[in-house]
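Peer 1: Need a 3D model of the following:
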Amino acid sequence: MGVICSVAREPFVNSHIQSERTSPARVSPFAQAAGFVRAHAVRIGAISAAALVPVFWHGHIEAGDLGSHVYNAWLAQLIERGQAPGLWLAHCWNNVLIDWMLTGFGSLVGLHAAERIAVSLAVLLFFWGAFALIGRAAQRAPWFMTPLLAAITYGWTFEMGFLNYYLSLAFAFWGLAIFWRGRGWQRALALLFAPAAYVAHPLGLLLLIGVAAYVWLAERLRGRGAYRAALLFAACGALVALHFYLARHFITDPPDEPYWTFSGIDQLMIYGPRYWIAAVVMATFAVVALAIDRVERWKQAGRDNLSAIGIERDDMPQGLWARFVLPIELYALLGVGVVALPDGIHLPQYPAAIALLTERLTSVSAVVICCVLGVMRPRWWHLVATSVVALAFFGLLFRDTGRVSRMETKVEQLVRTIPRDSRVMATLPAWPEARVSFQHIVDRACVGHCFSYGNYEASSQQFRVRANEGNGYVMTNDKDPAAMEEGWYEVLSRDLPAWDVYQCGLNDLDLCIRPLAEGEDVDQRGVHPAERPAIDMTGAPSPPAKNP
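Peer 2: Modelled structure (predicted):
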């Protein structure tokens with residue numbers, strides 16, 4: 001974490017490193033990190049422990065696709081032992097890191113413990129990588145931002161279970177933390193994170209390269225306002241040009257929601273409108289705190305006393321806004337990217353689209369918002385405000401993920417009542433207005449006992465587990481898993497024998513399992529989303545709506 005800053009208001013390295021004979025610019029970022037960790041070991045340990053609480057607060061880690069990753073790690077074990085004929089492992093070098101971690105740890109300690117270990121590592125890498133990046137922008141350790149950063153760490157991207165992409169962002173943050181304000185050979189150390197970012201997900205590597213290039217060019221043009229503005233417009237133009245290139249050469253999908261909703265605070269919107277409490281507090285804090293900080297600096301600052309308020313002499317050409325400029329530019333570029341880039345793109349090598357790109361990008365937007373806020377002079381009330389955001393968010397998240405965890409326990413009980421190695425399909429409608437689903441709780445519940453026949457990973461061909469036609473364990477047509485999840489997949493003779501897990505009542509735990517018959521829809525007896533009660537602010541059900 002010492003890569004945060006080599007010039008800071010608070011010491012980041014040991015005194016022997018900062019001796020008169022040692023120039024901070026010549027000190028390795030890793031030596032700085034070691035010094036920073038030694039200086040703040042207790043604080044770092046306490047914050048890390050607090051950041052990991054959501055990983056352990058329920059019997060299951062409820063994070064969307066995570067259940068699918070665990071299930072496919074189990075399938076990979078079966079494939080390696082020759083116990084799943086018709087399934088095979090592709091030699092993939094990206095979008096596989098979390099799967100490698102689950103398989104590797106799983107072979108040593110079992111998949112349940114491996115899941116906790118892998119997710120804990122992912123959370124800490126993301127949290128402290130973002131912390132380091134914010135510190136680089138602010139040139140100080142952003143302790144007052146840690147509650148808000150914890151909420152973003154468990155935001156939409158995590159709750160969707162996009163953990164390969166999540167890890168890729170984490171490594172990109174670490175690389176950028178070294179590159180930003182780095183000097184000479186130190187910047188080359190950012191390349192050490194590039195392979196890990198690529199193995200996790202290519203988008204993280206693209207982020208690392210793109211932002212590093214912009215930072216480098218922006219620093220070269222420091223103090224040259226017209227050229228700096230030209231750089232920003234050129235970068236925006238490149239994103240617009242990319243939009244037209246993708247639209248011309250590929251099939252693309254626009255986002256389902258209005259563009260204005262993808263600002264970064266949408267990362268706090270998870271299971272329903274109640275999460276607006278945390279999102280609105282975050283947005284209000286950002287606007288008010290930045291306004292107050294600007295007014296205070298304008299009142300106190302002048303060219304003769306810039307250093308007294310924490311503005312370095314090197315920043316004088318850009319005045320009071322010096323440290324804010326680059327984070328604001330990056331946030332503006334992300335905003336253009338949200339509008340210009342597609343939400344989904346169909347690449348010819350994959351039968352299924354690479355989807356939800358717009359929503360994923362806002363993870364970066366949220367961290368860059370924290371970079372902007374981190375530049376402010378810390379005040380005691382900043383910590384209070386960010387703590388309110390975190391308490392509101394985690395209070396809601398604990399309640400909702402607890403409900404999902406109880407549903408998963410019920411599913412585990414149901415699948416244990418059917419013959420071992422049975423095929424299982426599932427239609428579990430998401431809660432009204434929720435932005436994440438819990439369909440994959442069935443995948444994880446099947447580990448060691450049954451086969452989740454509608455799992456999407458093999459048919460998408462974007463992951464390492466692949467399936468031959470007629471394998472008997474998983475669907476191979478990429479359209480079938482989506483149809484099954486929506487409840488209108490018609491059961492074929494080749495699918496049988498198979499069982500259906502479905503919602504058989506209005507209560508969350510009203511889950512049932514039944515054998516399927518040829519020619520029927522999987523959700524023939526299920527309670528459809530329109531029949532389910534909406535969730536109000538108190539959690540009390542409202543009267544069910546009628547099906548049209």
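
Peer 1: helix or strand right after the helix or strand hosting residue 99?
Peer 2: In the assignment (DSSP states H and E), residue 99 maps to helix 97-109. Scanning forward in sequence from helix 97-109 by DSSP H and E, the next helix or strand is helix 111-138.

Peer 1: mind listing the strands in the protein by residue range?
Peer 2: Along the chain, counting by DSSP state E, strands occupy 87-89, 251-253, 344-346, 423-427, 451-452, 465-467, 498-503, 511-515.

Peer 1: ok, residues contacting the helix holding residue 99?
Peer 2: Defining contact as C-beta atoms under 8 Å, 6 or more residues apart in numbering, one finds that helix 97-109 is touched by 69-70, 72-74, 76-77, 111, 113-115, 117-118, 121-122, 163-164, 167-168, 196, 199-201, 463-464. To be clear about C-beta, it is placed using only N, CA and C from the backbone, and glycine gets the same treatment.

Peer 1: Give the buried residues for that helix.
Peer 2: 97-103, 105-106 (16 or more other C-beta atoms under 10 Å).

Peer 1: and if you look at stretch 278-293?
Peer 2: Result for stretch 278-293 [16+ other C-beta under 10 Å]: buried residues 278-279, 281-283, 285-286, 289, 293.

Peer 1: can you redo these as CSV with pLDDT and distance to residue 215?
Peer 2: Converted to CSV, these look like this (pLDDT from 0 to 100; distance: C-beta to C-beta, whole Å):
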residue, pLDDT, distance to residue 215
278, 93, 30
279, 93, 29
281, 93, 31
282, 94, 25
283, 93, 26
285, 95, 26
286, 94, 22
289, 93, 24
293, 89, 23
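
Peer 1: which one among those residues gets closest to residue 488?
Peer 2: residue 279 (33.6 Å; C-beta to C-beta).

Peer 1: is it true that that closest one touches residue 269?
Peer 2: Yes. Contact between residue 279 and residue 269 holds when scored by C-beta atoms under 8 Å: they sit 6.0 Å apart.

Peer 1: Residues contacting stretch 349-358, please?
Peer 2: So stretch 349-358 is contacted by 160, 162, 203, 251, 253, 255, 262, 338, 341-347, 456, 459-462, 478 (C-beta under 8 Å, 6+ apart).

Peer 1: Equivalent analysis for stretch 121-136, please.
Peer 2: Counting by C-beta under 8 Å, 6+ apart, 1, 3-5, 8, 48, 51-52, 55, 98, 101, 141-142, 145-146, 149-150, 152-154, 158, 163, 166-167, 169-174, 176-177, 180-181, 367, 370-371, 374 sit against stretch 121-136.

Peer 1: Please work out the average pLDDT along it.
Peer 2: Confidence for stretch 121-136, expressed as mean pLDDT, is 97.

Peer 1: repeat for stretch 429-445
Peer 2: 90.

Peer 1: picking that back up, name only those of the contacts of stretch 349-358 that count as buried.
Peer 2: Here, 16+ other C-beta under 10 Å leaves 160, 162, 203, 253, 255, 262, 338, 341-345, 456, 459-462, 478 buried among the contacts of stretch 349-358.

Peer 1: Pretty sure residue 246 sits against residue 252.
Peer 2: Yes. With contact defined as C-beta under 8 Å, residue 246 reaches residue 252; the gap is 5.5 Å.

Peer 1: what do those two both touch?
Peer 2: By the contact definition C-beta under 8 Å, 6+ apart, residue 246 and residue 252 are jointly contacted by 342, 345.

Peer 1: For the chain, give me the ranges with low pLDDT.
Peer 2: 1-27, 301-320, 528-548 (pLDDT under 70).

Peer 1: Now, of the contacts of stretch 121-136, which are buried?
Peer 2: By 16+ other C-beta under 10 Å, the contacts of stretch 121-136 give 1, 3-5, 8, 51-52, 55, 98, 101, 141-142, 145-146, 149-150, 152-154, 158, 163, 166-167, 169-174, 176-177, 180-181, 367, 370-371, 374 as buried.

Peer 1: picking that back up, out of the contacts of stretch 121-136, list just those in helices.
Peer 2: 48, 51, 55, 98, 101, 146, 149-150, 152-153, 158, 163, 166-167, 169-174, 176-177, 367, 370-371, 374 (DSSP state H).

Peer 1: For the residue nearest to the spatial centre of the chain, which non-adjacent residue is spatially closest?
Peer 2: The residue lying closest to the centre of the chain (C-alpha atoms, centre = their mean) is residue 157, at 3.0 Å. Among residues not flanking residue 157 along the chain, residue 363 sits closest, at 4.4 Å (C-beta to C-beta, 6 or more residues apart in numbering).

Peer 1: coming back round to it: the residue nearest to the centre of the chain and residue 167 touch, don't they?
Peer 2: No. Contact criterion C-beta under 8 Å: residue 157 and residue 167 do not qualify, at 10.7 Å.

Peer 1: any idea how far the nearest residue to residue 239 once chain neighbours are set aside lies from residue 362?
Peer 2: Among residues not flanking residue 239 along the chain, residue 340 sits closest, at 4.4 Å (C-beta to C-beta, 6+ apart). Distance of residue 340 to residue 362, computed by C-beta to C-beta, to the nearest Å: 14 Å.

Peer 1: Who has more neighbours out of the two?
Peer 2: Neighbour comparison, residue 340 and residue 362: the larger count goes to residue 362, with 26 against 18 (by other C-beta atoms under 10 Å).

Peer 1: surely that one meets residue 338?
Peer 2: Yes. If you go by C-beta under 8 Å, residue 362 and residue 338 touch, sitting 7.1 Å apart.

Peer 1: and the spatially closest residue to residue 209 that is not a sequence neighbour, how many residues sit next to it?
Peer 2: Spatial nearest neighbour of residue 209, chain neighbours left out: residue 194 (7.9 Å); criterion: C-beta to C-beta, 6+ apart. Counted with other C-beta under 10 Å, the neighbours of residue 194 add up to 17.

Peer 1: separation between residue 194 and residue 178?
Peer 2: 11 Å.

Peer 1: What of residue 350?
Peer 2: Residue 350 is 33 Å from residue 178, by C-beta to C-beta.

Peer 1: out of those two, which sits in the busier spot?
Peer 2: Ranked by neighbour count (other C-beta under 10 Å), residue 350 and residue 178 place residue 178 first, with 26 against 13.

Peer 1: for the residue nearest to that one when sequence neighbours are not counted, what are its contacts?
Peer 2: Using C-beta to C-beta, 6+ apart and skipping the chain neighbours, the partner closest in space to residue 178 is residue 190 (4.5 Å). With contact taken as C-beta under 8 Å, 6+ apart, residue 190 is in contact with 175-176, 178-179, 182, 208, 212.

Peer 1: rewinding a little: dump the C-alpha coordinates for the helix holding residue 99 into CSV.
Peer 2: Taking Å, rounded to 0.1, in the frame of the first residue of the first chain, the C-alpha atoms of helix 97-109 are listed here in CSV:
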residue,chain,number,x,y,z
LEU,A,97,-8.4,-16.7,-12.6
ILE,A,98,-11.2,-17.2,-10.0
ASP,A,99,-11.8,-20.7,-11.5
TRP,A,100,-8.1,-21.6,-11.1
MET,A,101,-8.2,-20.3,-7.5
LEU,A,102,-11.2,-22.3,-6.6
THR,A,103,-9.9,-25.5,-8.2
GLY,A,104,-6.4,-25.0,-6.7
PHE,A,105,-7.6,-24.2,-3.2
GLY,A,106,-10.4,-26.8,-3.5
SER,A,107,-7.9,-29.6,-4.1
LEU,A,108,-6.2,-28.7,-0.8
VAL,A,109,-9.0,-27.7,1.5
